[in-house]
Each structure stands twice: as C-alpha cells, then as structure tokens.
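Asks: Provided below for reference: sequence and predicted model.
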Amino acid sequence: MTYSVGLSRALCLGLLLSLCSGCGYLFGDKGVFRDKSEDYKKAREVPVLAVPEGADSETLGEIYPIPPITDNLLLAGEFEVPRPAPLVAGAQDEQVRIQKLGDESWALVNTAPGQVWPQVRSFLSASEIPVGRVDARAGLIETGWISLEGQPMASRFRFRIDQGVQRGTSELHVLQMNQVGDVDDWPVQSSDLALENEMLRSVAQFIANSADSTPVSMVADQAISAAGKISMQEGPGEDIYIRLSLPYDRAWASVGRAVEESSFEITDRDRSAGQYYVRFLGPQSEEDDGWFDWLLGSDSDHPLAGQLFIVSVQSLDTRDVAIRIKPQPAEAGAEPPVVEKRDEQALLALIKGNID
C-alpha cells in the first residue's frame, strides 16, 4: 500500500515537471496564450484611410481624440522651467450647479457630455416621460406631450447638452413648450419659465444623485466635443490672452465671478469699455500659500499683493471674446508698474481656471 502511494506521487511529480517544461508551447513568446502587452511597440504607422469623393467620412473620426494642450506658452528670452499649473476651477467643487443669467438658466455639470447624455435618458425613463425625438450628434432629446398636475394644458420639453467652458464639463439647457393649437415649432424661449426651472432642477438633482454610477455614451461623447470653450492664446508681440467662446453678455458676467474667486477685489467696472478695475489680494489663508507659491514662486509676502490691474473683456467676433490683464497706469509722478510676462500669464491662468 505504501509502495503504491509513493509510486503515484512520483508519477504525478513527473507529469507536473513534464507539463512545466512544455509551458513554452502555451505561454512562451510563440505560445498559444502569449503575452501581448508589448505588441503596441511593434505597431506600424499606416496611411490614413482615403474616402472616395462625395462619401461620408464622419464615422471614421478618432474614437478617443487627444485634446490639444493650449496653455504651454513659452515667453521669449532666457528659458525657465515652468512651474506646475495649480488646480483651480470653481466649478470643480460641485457635481451639478444651476447657473442663471437674466431669464436664461442652465445646469453646469462636472462631467463630460457623453456621461450626462445617458443620465438624462435615465431620468426620463425613471419619470415615465415619453421620448419623442433623439439626436445624439446634436445633443438633443425631445419629449412627447405630457399633462402636468395643476397645469391647464399639456407641455413638452427639449433637453440640450453642450460642452462646458472647462474641458470635461457639460451644460444642460431645458426648453419648455405649451400645447397651443397645431403649432409644432419650438419657441425661442420657454412658454412657462417656472415649468422650465422646475424641470431643470429635477433633472439636475437626478444627475447629482446618480453621479457615482454614470455610464458613457460614445456616440454623444464623440459628437459633443468635451474639449472646452476656453484656451490660452499668444498673439503678436507676446500678447497673452484668454480666448473664450461665449456670447459677450455671458462672458462679461463669467469673468466678473471668476475674478472675485481668484483672489482679486473689484474696485470698479466699466461695462461699456469692457473693463474690470481690480486689486490683487494674494493668498488669503495659510492653505492658499502653497498654491500661490507654486504658481508665482513667492516665499513669504506675495510680491504682487496690492497691485492694481485692469482685466479687459473684448469681442473678437460674434461668438468669441479675449480676456487680458494689464497693470493700471501709474499716477502722475509715480513710477510705472512693472509686471513680468511670466506673472501676467500666471494671473491669467488663475482667472481661467475659475471661468464657467
């Protein structure tokens, strides 16, 4: 009995050794289950697929496009290793925030459009609201006619998802329409602003509550760019400015909020000239010191604290504006203020991170 057990163990050990010696057949470089993690290093560049003239090439776009880097400006003169950019963005503090300008309201969502799209679809499904039309490429979802409690006539809603100002954020707009006669065209403004705001708050709350389990719509993500509407630009003569793709009225209001959230004090403003007169306050707490040390290289008291600046908002075209920051002119007989281009760019970066 003992002999049989020992023989069986020897046979099993021999079989195990023979299998291990043949593992190369299964898992080696030429094995059936070889490691493919390094295959990308052997990839070859191939010409872009040519589409015949007149054929649709839209579906051949990049699945995961890499957004361009827009803040890597290099100033003329002696090269200096740039410091890391601070993580400043007021919109990043909240998942969803309701914004308002005049009669217009929208929800600012701290996720890409491809993630907001399925959340809006889920909201409509959970609320048992019928969907009448969907256009993922345009970022539009239209509901069917629904009767709301306490309302004399039926309504329908249109949800529009746009890219946000900052990269990776979204804007959700809601348009409401009353069922009056046979009119089918959507109005420019909601028929009932109160119903629009109520629906906007409801879907915004749903998005905030379901943020941890958000799927992604690749179609909507590709169609609705998540690259953002803001970038740092450099013009002739080292002219550094922020290019912002927003209507002027909204850009003016957004810059005003961003300036106040970026350790500036607004001392005066001239809407007709597009200018904010501001004073830079520097770090306001011990927690801020680290950010500003990295941003502008200060060691104790900030060298620009108390400096007066003019933040200008000027139209470039019907959709874009340019935002610049310059020292305020000195009073008669005083030494003109001197601000290095590097510091000017850093202050613009600080404001840029808080524009939404």
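Replies: That came through, no problem. What you see is a predicted model; the values in this text were computed from it and never measured.
Asks: all contacts plus neighbour counts: C-alpha atoms, from now on.
Replies: OK.
Asks: Show me what secondary structure element comes after the lowest-mean-pLDDT helix or strand in the chain.
Replies: Taking all helices and strands of the chain together, the one with the lowest average confidence (mean pLDDT, DSSP states H and E) is helix 286-296, at a mean of 50. For helix 286-296, the succeeding helix or strand toward the C-terminus, using DSSP states H and E, is strand 308-315.
Asks: got a list of contacts for that next one?
Replies: The contact list for strand 308-315 (Cα atoms under 8 Å, 6 or more residues apart in numbering) reads 248, 251-252, 255, 274-280, 321-328.
Asks: Give me the subset of those lying in helices.
Replies: By the criterion of DSSP state H, membership of the contacts of strand 308-315 in helices covers 248, 251-252, 255.
Asks: Check these against Gln115 and report the nearest one.
Replies: Sorting these by distance to Gln115 puts Ala251 at the head of the list, at 25.6 Å, by Cα to Cα.
Asks: Burial check on the closest one, number of neighbours?
Replies: Close neighbours of Ala251, defined as other Cα atoms under 10 Å, add up to 23.
Asks: try the one 10 residues further on
Replies: A count of nearby residues for Glu261, using other Cα under 10 Å, gives 18.
Asks: Ok, Trp252 next?
Replies: Using other Cα under 10 Å, Trp252 has 20 other residues around it.
Asks: Skipping adjacent residues, who's closest to it in space?
Replies: Val313 (6.6 Å; Cα to Cα, 6 or more residues apart in numbering).
Asks: And for the one you found, the neighbour number?
Replies: Close neighbours of Val313, defined as other Cα under 10 Å, add up to 25.
Asks: Same check on the one 5 residues further on?
Replies: When neighbours are counted by other Cα under 10 Å, Thr318 registers 10.
Asks: Ser245 is in contact with that one, correct?
Replies: No. With contact defined as Cα atoms under 8 Å, Thr318 and Ser245 do not form a contacting pair (9.4 Å).
Asks: What ranges in the stretch 201-350 of the chain fall below the confidence cut-off?
Replies: Per-residue confidence for the stretch 201-350 of the chain (pLDDT under 70) gives these ranges: 212-227, 283-302, 332-334.
Asks: run the last query once more with 50
Replies: Within the stretch 201-350 of the chain, the ranges that satisfy pLDDT under 50 run 289-291, 294, 296, 298-300.
Asks: all strands of it, in order?
Replies: Secondary structure of the stretch 201-350 of the chain, counting by DSSP state E, counting those that start in this stretch: strands at 230-235, 239-245, 264-270, 275-280, 308-315, 320-327.
Asks: mind checking which of the ones you listed is nearest Gly164?
Replies: Of all the strands of the stretch 201-350 of the chain, it is strand 230-235 that lies closest to Gly164, at 9.2 Å by Cα to Cα.
Asks: Which residues belonging to that closest one are considered buried?
Replies: 230-234 (16 or more other Cα atoms under 10 Å).
Asks: what would those look like in TSV with distance to Glu265?
Replies: Supplementary listing: the buried residues of strand 230-235 in TSV, determined by distance: Cα to Cα, whole Å:
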residue	distance to Glu265
Ile230	23
Ser231	24
Met232	23
Gln233	25
Glu234	26
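Asks: Can you tell me which of those residues is nearest Ala349?
Replies: Within the buried residues of strand 230-235, the smallest distance to Ala349 is 7.9 Å, found for Met232 (Cα to Cα).
Asks: Can you give me the domain assignment for this structure?
Replies: Split into domains by automatic domain parsing, the chain comes to 90-223, 230-352.
Asks: Among the ones you listed, which comes closest to Ala55?
Replies: Using Cα to Cα as the measure, domain 90-223 is the one of these that comes nearest Ala55, at 18.5 Å.
Asks: What's the separation between the closest residue to Pro247 other than its chain neighbours and Ser312?
Replies: Sequence neighbours aside, Arg319 is the residue nearest to Pro247 in space, at 5.3 Å (criterion: Cα to Cα, 6+ apart). Taking Cα to Cα, to the nearest Å as the criterion, Arg319 is separated from Ser312 by 16 Å.
Asks: Same check on Pro152?
Replies: Relative to Ser312, Pro152 is positioned 48 Å away (criterion: Cα to Cα).
Asks: Repeat that for Val134.
Replies: Per Cα to Cα, Val134 is found 40 Å from Ser312.
Asks: neighbour count winner among those two?
Replies: Applying other Cα under 10 Å to Val134 and Ser312 shows that Ser312 carries more neighbours, namely 22 against 15.
Asks: Who does the more buried one form a beta bridge with?
Replies: With DSSP bridges applied, Ser312 shows beta-bridge pairing to Gln275, Arg324.
Asks: Show me the helices in the stretch 1-150 of the chain, by range?
Replies: For the stretch 1-150 of the chain, the helices identified by DSSP state H, counting those that start in this stretch occupy 2-21, 23-27, 113-126, in order along the chain.
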